[in-house]
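Undergrad: sequence first, predicted coordinates after that:
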Amino acid sequence: MTDIADVIPELNARFECVSTKRIIELAAHEIFPGKMAFVSSFGADSAVLLHIMASVDPSIPVLFLDTHKLFGETLRYRSRLQHLLGLEDVRVIGPRKRDVETRDPQGTLSMHDPDACCRIRKAEPLDRALKGFECWASGRKRYQTSFRKEMQVLEQDGHRFKINPLAKWTPKELADYAARHNLPVHPLVKDGYLSIGCMPCTSKVIDKDDARSGRWAGQEKTECGIHVKK
């Protein structure tokens, strides 16, 4: 049997020429059948990818990281999208109680060590939740940051694989798709929050040309850690 890692270049060449829906169909049903999950923040751009995924197979597991630091609007938006799109297997995951009590007892770790906070509340819970899966899908796009501009649709992620079905999409394509399908917008977008994470580390967009400029504003940090190569 061919090792998937050996054919990543060939698969990426194919993925660049097919639709996002076809990418998901191939990944979920042919390449990683029964072994792929979507990871969604239910943030500003999440509705588009989840809508396409649901049109392929609404029973694909969707992992939602509840860091216990999210906006209430995000939690309500998740419930709304789950119902609207008919998502059948949304799994809410979060940090272990004992980890928070021992490593962030005051709940202020994000203020002086945001990387450590992300490890406790996002990276470690996701690693646990992905056990048993061979591949996970994210909503990252190349236009978002310099770190992401060279990413491939399919990547090796430690001993797993990661697929980025929306990698080549532009902001206009996302907006047009959402409007065409009448998808609800995250309620914080209208207030200037164009990339939405945890409350302590999310602010309104500073640079209109950089949707993620409101994440960890004023710091060199641009990623929470779940997308850093292991």
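TA: Yep, that arrived.

Undergrad: wait, Lys149 touches Lys141, no?
TA: No: using C-beta atoms under 8 Å as the test, Lys149 is too far from Lys141 to be in contact (9.4 Å). (Glycine included, C-beta is placed from N, CA and C.)

Undergrad: more neighbours, the two?
TA: Lys141 (23 against 11; other C-beta atoms under 10 Å).

Undergrad: distance check, that one against Arg103.
TA: 32 Å (C-beta to C-beta, to the nearest Å).

Undergrad: check His159 too.
TA: Counting by C-beta to C-beta, the gap from His159 to Arg103 is 25 Å.

Undergrad: so for the two, which residue has more residues nearby?
TA: Arg103 (16 against 8).

Undergrad: so who does the residue nearest to Ala129 when sequence neighbours are not counted touch?
TA: Closest residue to Ala129 in three dimensions, ignoring its sequence neighbours and counting by C-beta to C-beta, 6 or more residues apart in numbering: Ile93, at 4.4 Å. Neighbour list for Ile93: 63-66, 125-126, 128-129 [criterion: C-beta atoms under 8 Å, 6 or more residues apart in numbering].

Undergrad: ChimeraX command for the buried members of these?
TA: Buried residues among the contacts of Ile93 (16 or more other C-beta atoms under 10 Å), as a ChimeraX selection:
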select :63,64,65,66,125,126,129
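
Undergrad: which of the contacts of Ile93 sits closest to Leu87?
TA: Leu87 lies nearest to Phe64 out of the contacts of Ile93, by C-beta to C-beta, at 9.9 Å.

Undergrad: circling back: shared neighbours, Lys149 and Lys141?
TA: By C-beta under 8 Å, 6+ apart, Lys149 and Lys141 have no common neighbours.

Undergrad: list the helices and strands the lengthiest helix in the chain packs on?
TA: Criterion DSSP state H: the longest helix present in the chain is helix 72-85. Packing partners of helix 72-85 (3 or more C-beta pairs under 8 Å, 6 or more residues apart in numbering; DSSP states H and E): helix 46-56.

Undergrad: now whichever helix or strand comes after the helix it packs on: how far from the chain's centre is it?
TA: Under the assignment DSSP states H and E, the closest C-terminal helix or strand after helix 46-56 is strand 62-65. Put simply, strand 62-65 sits 9 Å off its chain's centre (C-alpha atoms, centre = their mean, to the nearest Å).
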